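>>> quick check, what structure comes out for this input:
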Amino acid sequence: MGKGLFETVREACARVAAVADHVRLVGDITLYADRFDPRSVSVPSYDERHHFRGDAEATVAYLLMLDTVNFGSGYFPRLIKRKGMSGYFTVASRLKDVFEARGAPSAQELSELSPEQVTSLLGQDLEDPVRAELMSLYAGALNELGSLLVEKYQGRYAALLEEADHSAGRLVAGLSRLKDFRDIAYYRGFEVPFYKRAQITVSDLALAFGGRGYGFFEDLDQLTMFADNLVPHVLRTDGLLVYGPELATKLARGELVAPGSPEEVEIRAVALHAVEELVRELRGRGLEVSARQIDIALWNRGQEPRYKRLPRHRTRTVFY
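Predicted coordinates for the structure are as follows:
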């Protein structure tokens, strides 16, 4: 099942890349692979500076909650950030503080959280309407997760993973019952599934548990790139992707890209396809790499100042 689900993602994104109007894969994959440091694709250790680690059940609860609200990059310019931290690390570390101070919220508590409570937990305020909108979206996402756990899993976070029985594909499918994980776009009359946040939940669990126990997935290497707004930006900055003049001008002006628009779907799909091409090239050279490893390496590269200085696309969406 897992391979079928992930192959559907790959095939749809390749189909978009073949006909895209606004985003093109123009760089030479062979040359890009030449410049790609194989050492950068080793999977890093779990980042305990920004992320919580407790007993197995609490760690699962933390990661499911974090990845349930692992979106908002289009809102992050208005987020109140911790000094020196991005929007993502601000949310991850704030949630870590909650778990260390109070333990994991029960599923029932999660189902009843108000936007005001989420705002307080994450160190925000509701004075800015854009920030208030994001807090409301976070509360709704957490409410839905809590309700699912109460209704289907006796309130146990880990029961979601146990049902998947060490299959990344089954866990992605299970999480996608939640509407904010159901990351499927429509482009020229066909579906383009990405499942970005559901896939990254699998990856985060694998990292946190070192590939064992709740972090063991027999089909982990089938994950695709986690299609967001940073990895495409890295590939564009590196010259592998080029954006059409209208899209490039829009980004230079700091304008939002509409969720589900042809431009937004193409940015995510063509980047995902480019990573697949890079994986194919590196494997052809005898390197055992996966799209997940490439994604992590490129995401980490995107934290460098030369990438931070340039504008990336921003979309206000629940999917990344």
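>>> would you confirm that Leu161 contacts Val60?
Yes. Leu161 sits in contact with Val60 when judged by Cβ atoms under 8 Å, with a separation of 6.4 Å. Yep, even glycine has a C-beta here, placed from its N, CA and C like the rest.
>>> overlap in contacts, those two.
By the contact definition Cβ atoms under 8 Å, 6 or more residues apart in numbering, Leu161 and Val60 are jointly contacted by 205, 214.
>>> so where's the chain shaky on pLDDT?
With pLDDT under 70 as the threshold, the chain has low-confidence stretches at 1-3.
>>> and with 80 instead?
Residue ranges of the chain with pLDDT under 80: 1-3, 38-40, 42-44.
>>> can you pull the contacts of Phe216?
Remark: with contacts taken as Cβ under 8 Å, 6+ apart, Phe216 is in contact with 166, 206, 209.
>>> and it, how far from Asp295?
Taking Cβ to Cβ, to the nearest Å as the measure, Phe216 falls 20 Å from Asp295.
>>> please, which helix or strand holds Ala185?
Element membership of Ala185 [criterion: DSSP states H and E] is strand 184-187.
>>> mind listing what's buried in whichever helix or strand comes after that strand?
Per DSSP H and E, the first helix or strand lying C-terminal to strand 184-187 is strand 190-193. Buried residues in strand 190-193, counting neighbours by 16 or more other Cβ atoms under 10 Å, are found at 192-193.
>>> just checking: what are the partner strands of strand 190-193?
strand 184-187 (antiparallel) (DSSP bridges).
>>> so which residues of the stretch 201-320 of the chain form strands?
Listed in chain order, the strands found in the stretch 201-320 of the chain under DSSP state E, counting those that start in this stretch are 241-243.
>>> quick one: the helices in it?
Assigned by DSSP state H, counting those that start in this stretch, the stretch 201-320 of the chain shows helices spanning 231-237, 245-252, 262-284, 291-301, 305-308.
>>> what's the fourth one packed up against?
When contacts are defined as 3 or more Cβ pairs under 8 Å, 6 or more residues apart in numbering; DSSP states H and E, helix 291-301 sits against helix 231-237, helix 262-284.
>>> what does the longest one give?
With contacts defined as 3+ Cβ pairs under 8 Å, 6+ apart, the secondary structure elements packing on helix 262-284 are helix 2-19, strand 23-25, helix 29-35, strand 184-187, helix 231-237, strand 241-243, helix 245-252, helix 291-301.
>>> the ones you listed: which one's closest to Arg268?
Judged by Cβ to Cβ, the one of the helices and strands packed on helix 262-284 that comes nearest to Arg268 is helix 231-237, at 6.6 Å.
>>> circling back: present the helices and strands packed on helix 291-301 as a markdown table; the columns should include distance to Phe190 and mean neighbour count.
As requested, the helices and strands packed on helix 291-301 are arranged in a markdown table below (distance: least, Cβ to Cβ, whole Å; neighbours: other Cβ atoms under 10 Å):
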| stretch | distance to Phe190 | mean neighbour count |
| --- | --- | --- |
| helix 231-237 | 21 | 24 |
| helix 262-284 | 11 | 22 |
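>>> and the helix or strand containing Met65, how far out from the chain's middle?
Using DSSP H and E, the secondary-structure element containing Met65 is helix 56-68. A distance of 15 Å separates the centroid of the chain from that of helix 56-68, by Cα atoms, centre = their mean, to the nearest Å.
>>> right, and the helix or strand after that helix?
Of the helices and strands lying after helix 56-68 in sequence (DSSP H and E), the nearest is helix 87-102.
>>> now that next one: buried residues?
For helix 87-102, a neighbour-count test (16+ other Cβ under 10 Å) marks 87-96, 98-99 as buried.
>>> one more: stretch 20-27?
Taking 16+ other Cβ under 10 Å as the neighbour-count basis, stretch 20-27 is seen to contain the buried residues 20, 22-25, 27.
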